[in-house]
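Asker: Sequence first, predicted coordinates after that:
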Amino acid sequence: MDLHTIGELDAADPLRAFRDRFDLPEGVIYLDGNSLGALPRATAARMADVVSREWGQDLIRSWNSNHWIEAPRRLGGKIARLIGAGAHEVIAADSTSINVFKALSAAVQLRPDRTIILSETGNFPTDAYMMQGLAHLSGGRLKQKLLPADEIPAALDDQVAVLLLTQTHYKTGRLHDMAALTRAAHQAGALVIWDLSHSAGALPVELNACEADFAIGCGYKYLNGGPGAPAFIFCAERHHDHVFPALSGWFGHADPFAFDDTYQPGAGIERFQCGTPGILGMAALECGLDLMLEADMAAIRAKSQALGDLFIALSEECLTGFELASPFDAARRGSQVSIRHKHGYAIMQALIARGVIGDFRAPDILRFGFTPLYTRYEDVWLAIEALAEIMQTGEWREDRFATRAAVT
């Protein structure tokens, strides 16, 4: 493999035109879209219009005249197309953490005779924390249970109310078999919640084909909705009328502007709204979604796997002292590759100082995300080249790279 061959891969890339649709800074190789997606060029103008015209001139009239009131449902319908759901089963709302709580509390309502809420050890912390909070709130009726991933199937018994798993593991990129685990949970009488934060927009997801019950995810990674972008929640239609929301906010009411004293759940997925939607965040997210929906998901997945394979091959050829933390098999991996090193934090800071941006996850993970709409094969080549130089020169040993920042 040489740089000429890498150039041929980029020239033949069916997604190459999408890179120009993002506002990427010169001299930066961005391999952290699995943490915060890059800025679509259309977003700045859209945000300026929402602020200056819709908010500044039209003021409160925009809830009707500019369709602000419809944004959660409209964006939910667009997200549904990316995750294999019906438009009436997904709504954009609130944050990922809040939506985890909504889904968990809904699932345990549907299994009132069961006491275990189950997940894997090492799942993304907010999922485990929300499980812990719900168990505490239940006064001891519910019990959180965390097990290694390979022990999950055997633990699915008649006491498990709900299984909560992240389809693509945030540290390693390892993929769970959504269809098989959902089927196993259902055979045990349990429900399943899938966290799609590292899957939506990065790989094909088929919630309804797998008969999933609930799913949640964020809008700021592969959906390129901006920092703190609205999240989303999916609830299978068969459950809609059997759930009374624990977070019964006014936007989830059947008629919010009736201002009744008593909560009446909205129809279908509407009941999973809670507070007033953040319109600026919705506007930014919609730009990312519209751009994503122009691309072919099969092409996205194929390039994602090829980028990951290239990263692994070049790592094996050029690096020493690192351990692959992600699955070698691309079919078992999301759109990222993680490698381990005991000095991972300092090494990543040295890499970022050179303009190659990945991230670090404690205790020893260097994480590199590949967003096929704007990541080039050349980016992977240059990233490995920079990392090899850092290791050869010992640059990472400089004191400035050892100081931990608030965000890693």
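Answerer: Sure, I can see it.
Asker: can you list contacts of stretch 39-48?
Answerer: The contact list for stretch 39-48 (Cβ atoms under 8 Å, 6 or more residues apart in numbering) reads 20-23, 224, 226, 280, 283-284, 286-288, 290-291. Quick note: C-beta positions are derived from backbone N, CA and C, even for glycine.
Asker: Now the two most distant members of those.
Answerer: Asp20 and Leu280 (25.2 Å; Cβ to Cβ).
Asker: the more surrounded of these two?
Answerer: Leu280 (15 against 10; other Cβ atoms under 10 Å).
Asker: Who are the packing partners of the longest helix anywhere in the chain?
Answerer: Criterion DSSP state H: the longest helix present in the chain is helix 297-318. Counting contacts by 3 or more Cβ pairs under 8 Å, 6 or more residues apart in numbering; DSSP states H and E, helix 297-318 packs against strand 336-340, helix 377-393.
Asker: Redo the ones you listed as a markdown table? Include mean neighbour count, mean pLDDT and distance to Gln132.
Answerer: Below are the helices and strands packed on helix 297-318 laid out as a markdown table (neighbours: other Cβ atoms under 10 Å; pLDDT from 0 to 100; distance: least, Cβ to Cβ, whole Å):
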| stretch | mean neighbour count | mean pLDDT | distance to Gln132 |
| --- | --- | --- | --- |
| strand 336-340 | 25 | 98 | 26 |
| helix 377-393 | 19 | 97 | 37 |
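Asker: Please produce CSV containing those, extended by distance to Ser95.
Answerer: Below are these laid out as CSV (distance: least, Cβ to Cβ, whole Å):
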stretch, distance to Ser95
strand 336-340, 22
helix 377-393, 30
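Asker: related to what we said a few turns ago, quick check on the contacts of stretch 39-48: which are buried?
Answerer: Neighbour-count burial (16 or more other Cβ atoms under 10 Å) is assigned, among the contacts of stretch 39-48, to Arg21, Phe22, Asn224, Gly226, Ala283, Ala284, Glu286, Cys287, Gly288, Leu291.
Asker: Can you give me the neighbour number for Ala184?
Answerer: Residues near Ala184, counting by other Cβ under 10 Å, number 17.
Asker: The helix or strand harbouring it: which residues count as buried?
Answerer: Using DSSP states H and E, Ala184 sits within helix 178-187. Buried positions in helix 178-187, judged by neighbour count with 16+ other Cβ under 10 Å: Met178, Leu181, Thr182, Ala184, Ala185, His186.
Asker: Please parse this structure into its domains.
Answerer: Per automatic domain parsing, the domain ranges recorded for the chain read 3-30+296-401, 46-294.
Asker: can I get the CA coordinates of stretch 55-68 in PDB?
Answerer: Output of stretch 55-68 as PDB, limited to C-alpha atoms (Å, rounded to 0.1, in the frame of the first residue of the first chain):
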ATOM      1  CA  TRP A  55     -37.100  34.300  16.100                       C
ATOM      2  CA  GLY A  56     -36.100  37.900  15.500                       C
ATOM      3  CA  GLN A  57     -38.900  38.900  13.200                       C
ATOM      4  CA  ASP A  58     -41.700  36.400  13.400                       C
ATOM      5  CA  LEU A  59     -41.300  35.900  17.100                       C
ATOM      6  CA  ILE A  60     -43.800  33.600  18.800                       C
ATOM      7  CA  ARG A  61     -45.800  33.400  15.600                       C
ATOM      8  CA  SER A  62     -43.100  31.000  14.300                       C
ATOM      9  CA  TRP A  63     -44.600  28.100  16.400                       C
ATOM     10  CA  ASN A  64     -47.300  28.100  13.700                       C
ATOM     11  CA  SER A  65     -46.100  30.000  10.700                       C
ATOM     12  CA  ASN A  66     -42.600  28.400  10.600                       C
ATOM     13  CA  HIS A  67     -43.800  25.100  11.900                       C
ATOM     14  CA  TRP A  68     -41.700  25.000  15.000                       C
END
